[in-house]
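Undergrad: Here is the input, now give the coordinates:
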Amino acid sequence: MNPVSEEIERKLKALFDQIDDYLERKYGHLYPLHPSRPRYGKTANREHDGLFNIGAAFTAGYGSEKGRGYVIDVDLVTLSHVPEKVQVQIEADVFKEVRRLLPEYFPERELHVDRDGRIYKIYGDLSLGTV
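TA: Below is the predicted model of the structure:
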């Protein structure tokens, strides 16, 4: 993998870990965890514990309004029903936090986060010439 690409993904992971912490404090007590899921903070990786698994996957953006970028994925790891209204609020919180934190994590890049159809996407200067 390209070292610049690795650095972008490392920064995105840190950004999403910070958002995961925020969501766990705000919503983590509302729904029981999946029985096989460790409690929040019990593993070394936020993707593997607590109610949330937040991340992003790169997409080339074919057929997309925004082009290439990172599609934001928010999973709630529970067997309980989460009302659509709550899901929409959680997504809105993630959007707000990504928008607020992107300049902190990527001050040298012009990145944006917006809806791209039905998904949220980080897009903009994803060139591999600088970190």
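Undergrad: And residue 21, how far from residue 49?
TA: Note on residue 21: its distance to residue 49, by Cβ to Cβ, to the nearest Å, is 11 Å. Yep, even glycine has a C-beta here, placed from its N, CA and C like the rest.
Undergrad: go on, residue 63?
TA: From residue 63 across to residue 49, the span is 35 Å (Cβ to Cβ).
Undergrad: Pick out whichever of those two has more residues nearby.
TA: It is residue 49, of residue 63 and residue 49, that has more neighbours when counted by other Cβ atoms under 10 Å, with 20 against 6.
Undergrad: ok, now how distant is the more buried one from residue 29?
TA: To residue 29, residue 49 is 15 Å away according to Cβ to Cβ.
Undergrad: Residue 91 now?
TA: Distance of residue 91 to residue 29, computed by Cβ to Cβ: 19 Å.
Undergrad: Which one's more surrounded, these two?
TA: Counted by other Cβ under 10 Å, residue 91 and residue 29 do not tie: residue 91 has more neighbours, with 15 against 10.
Undergrad: tell me which element the more buried one is part of?
TA: Take DSSP states H and E as the rule and residue 91 turns out to sit in helix 84-105.
Undergrad: do residue 55 as well
TA: Assigned by DSSP H and E, residue 55 belongs to strand 52-59.
Undergrad: what's near enough to touch the residue of the chain most remote from its centre?
TA: Distance from the C-alpha centroid of the chain, by Cα atoms, centre = their mean, peaks at residue 129 (23.8 Å). Contacts for residue 129 (Cβ atoms under 8 Å, 6 or more residues apart in numbering) come out as residue 4.
Undergrad: do the same with residue 28
TA: By Cβ under 8 Å, 6+ apart, the contact set of residue 28 is 40, 50-52.
Undergrad: hmm, which of those are the buried ones?
TA: The neighbour count (16 or more other Cβ atoms under 10 Å) marks 40, 50-52 as buried among the contacts of residue 28.
Undergrad: Adding distance to residue 58 and pLDDT, write those out as CSV.
TA: Formatted as CSV, the buried ones among the contacts of residue 28 follow (distance: Cβ to Cβ, whole Å; pLDDT from 0 to 100):
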residue, distance to residue 58, pLDDT
40, 27, 88
50, 24, 93
51, 25, 95
52, 21, 96
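Undergrad: Understood, closing this out.
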